[in-house]
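> missing the sequence, but the structure's below:
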Ligand code: HEM
Ligand code: HEM
């Protein structure tokens, strides 16, 4: 089934939409032989529940397999070969921001797992008809503040200047002012005001970045958090919309080294690294950017490995993705993908995915982006 | 105007298609104020000519500006900022394969221009109604043979093994058996048998590849031709289809270094270069491929520069492309592009185009791919 644009819009969703999405989802579960029970009984049950309440409560198994399918259907994710190993924590019963926050901290600890990172999703209560859903305002559970300086420059991650100023206006005292101050978590329960929470330091594993050959690299004082934990997407399963369903796996090195550290509107480290490498930054054709970005990537992969924190490189991961396509084909399924996201941001053509074509069809269940709650 | 799929099909094309394409083209010329003359007279003229002959003969100015527009509309070309400087040679009067070949040699000499490469298109007679068009069977005027060895390996460019065997069956004696033997040209006039021609050595400028820091690099014995001259695409202008209209500009370094030299199914040089660089090729995460491909690119850019042969690097060229977008916007036009072709095959995210979105709409006039004539 293709994305129904209406279903992406929040607020009022008709009985028919929910019911037809539910039926399509149950048919899919049956096709993939997830459960033993006959699907028809469950459909009747859902039908009457939707009639009475405007929505329905999914079983744990529906939720857990639905979340796996949502991952498998994420056309921008190159890590989908692991889709079937996703662990799903059901936290739909929580209705206080404080409880949600505790569950997020628990998510970080369980997923980080001392460096042997697991794939994990924690699902909170779905949006109810006619009410806004639970929202975590951050885009990832762990991100670094960006402090705008009087001269216009930024200390920290420039991507988060707006969010930093937002939480400061909400009462955040700010961190120590380092380039790597961890932002507080903002949780908003339906029809309540958002609340701020400070993550305990020991829930956040970080890796200091060194280079195997350049001893000066450590002097740059770089580090990054072990866990990419996206928490602003909406998980939609069988017509039910989970507006708060953070998920995390492990990093591919390029995400940190080629984007967060290198993008001009992020930490913008290529000029600094190139200078320390002694490269001639006067001419584009000396390829100083290309040389510097490779060494940044070498450093990040080396440092995570040395720290015993799970991370994949773009060569092995894209090869694994092609394997995933093959196993999907064996199961009779087409692998849809967003080529521009699957091909890594460096050395594109050295990876097998560059040379393949993908159709970008967004099936459901899936993770969808949502508008920022403060806009 | 969007691509009309019918118009891509060869053979029979109706009066109406040609006429409506002609009108749209003339309207475009008027919009861009190319000529002084009133467009209506010309339309009446074309109308009666198409009625009588099934096609019409374009003026030189129509042809020349049409070819420029075709370039400007090529969504896969990152070099389009130069579109208005295209030189167009009108060789529509030629009707012998031998004459065509002479014109191709002349094209190479004029375009190469001793290393100060120009942008040039040579246009031969268009396809006539109910007849096949003139075809040059090669995909580029200068390409290297690929000789399949008894053990299955290939000497030369593996991409051209099929074409090499084809021309051998047609009577080509083969070159010296080096990895860089220049393929003969195959020209087929309408309803005639294809003929083989050997390019004169002095019409082909080549650049030996060295590295600014690694003296062993020259020992690899690499070289590449100065000119990328595509000759198998169909130039379509105002309903008229030019099935033989070779064009060439200068290279962007990555085309040679990141693709022709590095792709596993081309010269596959990364393992060789990495070994000479002393990199650890046992592990993906040492990023030996990434390091080797950057040095290959450094070598190619350095060598062309040293030889005084025009070449651009992917940083300056993508920045120039963004400028082109801006000047197009000032002229009231949207720049359509094929993102996956505009973003270079290495260091994608270090170039501005990676961070932009493009719609890929193929306007006309344009260059279209054609089926291989021997299939
Ligand atoms: C287990 C290791 C994982 C790896 C190596 C991986 C890799 C990646 C990468 C490289 C991206 C592109 C990120 C970017 O360029 O910003 C991505 C995006 C994505 N991944 Fe994964 N992923 C993993 C786990 C997961 C999990 C557990 C889920 C959900 C259950 C998931 C769902 C997604 C989604 C929805 C996106 C698109 C995000 C967006 O649109 O911004 N991934 N993944
Ligand atoms: C002047 C310097 C030029 C530069 C730097 C340039 C750059 C490029 C590059 C990098 C590509 C992608 C090639 C690949 O990945 O295989 C490309 C494709 C293309 N260019 Fe240009 N180009 C130039 C001149 C021209 C000219 C003169 C024309 C036509 C008049 C042209 C039309 C095209 C077309 C049609 C394609 C797509 C080819 C295909 O589909 O295989 N370009 N160009």
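Okay, I see it. This one's a predicted model, so the numbers in the text were calculated from it and none came from an experiment. Ligands and ions are numbered 1, 2, ... in the order given.

> just the pLDDT at residue A:105, thanks.
pLDDT for residue A:105: 98.

> what helices and strands are in contact with the helix or strand hosting it?
Using DSSP states H and E, residue A:105 sits in helix A:97-112. In terms of contacts (3 or more CB pairs under 8 Å, 6 or more residues apart in numbering or on different chains; DSSP states H and E), helix A:97-112 is packed against strand A:87-91, strand A:120-124, strand A:185-188, strand A:195-197, strand A:229-230. The C-beta positions use only the backbone N, C-alpha and C, and glycine is treated the same way.

> mean neighbour count, these: which tops it?
Mean neighbour count, computed with mean count of other CB atoms under 10 Å in any protein chain shown, is highest for strand A:120-124 among those, reaching a mean of 26.

> quick one: name whatever helix or strand follows that strand.
Beyond strand A:120-124 on the C-terminal side, the first helix or strand identified by DSSP H and E is strand A:135-136.

> relative to the following helix or strand past that next one, what are the paired strands and their orientations?
Using DSSP H and E, the helix or strand that follows strand A:135-136 in sequence is strand A:146-148. Neighbouring strands of strand A:146-148 in its sheet, by DSSP bridges, are strand A:154-156 (antiparallel).

> which residues does the partner strand contact?
Contacts of strand A:154-156 from elsewhere in the structure, counted by CB atoms under 8 Å, 6 or more residues apart in numbering or on different chains, are A:144-149, A:161, A:164, A:177-181.

> picking up where we left off before, what inclination does the helix holding residue A:105 have with respect to strand A:87-91?
Using axes from the mean of the first three to the mean of the last three CA atoms, to 10 degrees, the direction of helix A:97-112 lies 170 degrees away from that of strand A:87-91.

> can you pull the buried residues of helix A:97-112?
By 16 or more other CB atoms under 10 Å in any protein chain shown, the buried positions in helix A:97-112 come out as A:97, A:100, A:101, A:103, A:104, A:105, A:107, A:108, A:111, A:112.

> over to stretch A:155-162?
Buried, per 16+ other CB under 10 Å, within stretch A:155-162: A:155, A:156, A:157, A:158, A:159, A:160, A:161.

> got it, and stretch A:272-280?
Neighbour counts over stretch A:272-280 (16+ other CB under 10 Å) mark A:273, A:274, A:276, A:277, A:279 as buried.

> show me what contacts residue A:227?
Counting by CB under 8 Å, 6+ apart, residue A:227 has contacts A:108, A:111, A:112, A:117, A:141, A:142, A:204, A:205, A:248, A:250, A:251.

> cool, residue A:267 as well?
Residues in contact with residue A:267 (CB under 8 Å, 6+ apart) are A:157, A:158, A:179, A:260, A:261.

> any figure for the gap between it and ligand 2?
According to CB to the nearest ligand atom, to the nearest Å, residue A:267 stands 29 Å off from ligand 2.

> following element in sequence after whichever helix in chain A runs longest, please.
The longest helix of chain A (DSSP state H) is helix A:288-306. Next along the chain after helix A:288-306, taking DSSP H and E as the criterion, comes strand A:311-312.

> strands paired with that following strand, and their directions?
Strand pairing for strand A:311-312, using DSSP bridges, gives strand A:251-252 (parallel).

> what sits up against the partner strand?
Residues from elsewhere that reach strand A:251-252 (CB under 8 Å, 6+ apart): A:78, A:79, A:226, A:227, A:228, A:304, A:311, A:312, A:313, A:314, A:317, A:344.

> again, only using 7 Å
A:78, A:228, A:311, A:312, A:314, A:317 (CB atoms under 7 Å, 6 or more residues apart in numbering or on different chains).

> how about stretch A:160-178?
Contacts of stretch A:160-178 (CB under 7 Å, 6+ apart): A:143-148, A:154-155, A:181-184, A:186, A:194, A:196, A:374.

> and stretch A:88-95, how far apart are its ends?
Length of stretch A:88-95, first residue to last, CA to CA, to the nearest Å: 19 Å.

> and it, how far from the chain's centre?
19 Å (CA atoms, centre = their mean, to the nearest Å).

> now it: mean pLDDT?
Here the average pLDDT along stretch A:88-95 is 98.
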